[in-house]
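Student: need a structure here:
(one chain, ligands or ions: 1)
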Amino acid sequence: MDDVLQRIGVRRVINAVGPATRLGGIAPDIEVVEAMRSAVSYPVRIDELMSASGHHLARLLGVPAVYITAGAAAGLALGTAVAIARGDSGLADSLPRTEAPHGILIQAAHRDPYDRAVEVGGGRLVAVGYPEGTHLGELERSLTDDVVAVLHRPGRPGNGASLREVARVAHERGKLVLVDAAVHVPPADRLAALLDDGADLVAMSGGKAFGGPQASGLLCGAPELVSLVGRFHQDMDERATTWPLPSGDATPPRHGVGRIAKVGREQVAGLVVAVERYLEGRSTWLDRGRAELDIAEETLVRAGVPVRRERLHSLDVDILEVTARGDPDVFIHRLRDRAVPVFVGESEVWRGVLTLNPMGLLAGDGRMLAEAIVEVRG
Ligand SMILES: *Cc1c(COP(=O)(O)O)cnc(C)c1O
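Tutor: Alright, predicted model coming up:
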């Protein structure tokens, strides 16, 4: 088979970071790739595809409604657009710059570089409180007329307001609650809990733990909101008289802000099969990665590099164990400069560890990863 990446001079790397976009994400199971291939063999109506895939996934996931997006970040942008414009075509056409209320509150401890997605969708993000925490009262008094929603990131440290509390005060004032669950769901049963706590729209990644296409995701929640998402995403506005999407007003909105994050048939089909496999416990990519991480652990320990299993499925390597002067940058650069470049997790360098994540490891990577670490150890 033609290996096009190799043919144009792109090197394969070892990914011990996990489902990182900068490394192309993880390798989906072959059945997911097959689904993507078969889905492109004939044209379909995109509105029908989005509606049918949404209904199918909603039934499987046991949630009211689902819309497939190009990722969790795209879901946040689309959710923001829905929160600002709802079913109003004039407002939809004014996005991303609008005079209408477009404030999105966020607890300071929940801030994240992915917040940019909210601004792409036309929102203006307003952080409330401090990194250590946000009092419910601080959030409550910030729910002014210019605010349309609160963005909540579950699982963040800090003494913040809970989702249930946030949803109560937001709903009392007619504001929505958007949840960024990109790294919180799966496990899939957390989804029902988020909706139960009052989340209106929840954005998830398809390319992370669901094992779907890298550029896929899900936005789920209340049917009356999810049914509006297509207005900002599908460019079916050629003639007002043949506009097929739900429209409460006389004229359809033009190509929406979400059009820059379109999804193709292949992403939809791949994500549907990935979620089916995940829910049936048939995903094999994670088992493959875990087996490789076990091999890496064995090889490292045998070579005298101690590792720790801090969290269930990843390994911590103490920086002082692999670099004489404790400088992680030199070590990381040496790993990257190898003939087969090796990438390890850097997000916890601040606490003196490099992390090895199994999700992106392919057959044979475990030993190569461990050998690379042993060889570049200073
Ligand atoms: C990965 C991530 C996203 C973006 O997810 P994509 O599916 O890659 O768009 C958003 N928020 C958080 C917290 C993430 O970790």
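Student: ok, now which ones touch residue 151?
Tutor: For residue 151, the contacting residues are 76, 104-106, 110, 115, 118, 125, 178-180, by C-beta atoms under 8 Å, 6 or more residues apart in numbering. Every residue, glycine included, has its C-beta placed from N, CA and C.
Student: how does it look with 7 Å?
Tutor: Counting by C-beta atoms under 7 Å, 6 or more residues apart in numbering, residue 151 touches 104, 106, 118, 178, 180.
Student: what pairs with the helix or strand harbouring it, and is each one parallel or antiparallel?
Tutor: Using DSSP states H and E, residue 151 falls within strand 147-152. Applying DSSP bridges, strand 147-152 is found paired with strand 103-107 (parallel), strand 176-180 (parallel).
Student: any idea how many residues pack against residue 201?
Tutor: Here the number of neighbours of residue 201 (other C-beta atoms under 10 Å) works out to 26.
Student: quick check, it in contact with residue 224.
Tutor: No - Residue 201 is not in contact with residue 224 according to C-beta atoms under 7 Å; the separation is 11.0 Å.
Student: would you map the strands across the stretch 1-150 of the chain?
Tutor: Secondary structure of the stretch 1-150 of the chain (DSSP state E, counting those that start in this stretch): strands located at 14-16, 65-69, 103-107, 124-128, 147-152.
Student: now mean pLDDT and distance to the ligand too, for those, in a markdown table please.
Tutor: Below are the strands of the stretch 1-150 of the chain laid out as a markdown table (pLDDT from 0 to 100; distance: least, C-beta to the nearest ligand atom, whole Å):
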| stretch | mean pLDDT | distance to the ligand |
| --- | --- | --- |
| strand 14-16 | 97 | 15 |
| strand 65-69 | 98 | 8 |
| strand 103-107 | 98 | 12 |
| strand 124-128 | 98 | 14 |
| strand 147-152 | 98 | 10 |
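Student: closest one to residue 348 among the ones you listed?
Tutor: Nearest of those to residue 348, taken as C-beta to C-beta: strand 14-16 at 13.2 Å.
Student: off-centre distance for that closest one?
Tutor: Put simply, strand 14-16 sits 19 Å off its chain's centre (C-alpha atoms, centre = their mean, to the nearest Å).
Student: now do stretch 298-316
Tutor: Centroid separation for stretch 298-316 versus its chain: 28 Å, with C-alpha atoms, centre = their mean.
Student: now stretch 300-317
Tutor: The answer for stretch 300-317 is 27 Å, by C-alpha atoms, centre = their mean.
Student: could you do stretch 104-117 as well?
Tutor: Centroid separation for stretch 104-117 versus its chain: 14 Å, with C-alpha atoms, centre = their mean.
Student: how long is stretch 19-27 end to end?
Tutor: When the termini of stretch 19-27 are compared using C-alpha to C-alpha, to the nearest Å, they are 9 Å apart.
Student: for the stretch 51-200 of the chain, which residue gets nearest to the ligand?
Tutor: Proximity to the ligand, evaluated over the stretch 51-200 of the chain using C-beta to the nearest ligand atom, is greatest for residue 71 at 2.7 Å.
Student: with adjacent residues omitted, what lies nearest to that residue?
Tutor: Once flanking residues are discounted, residue 71 sits nearest to residue 217: 4.1 Å by C-beta to C-beta, 6 or more residues apart in numbering.
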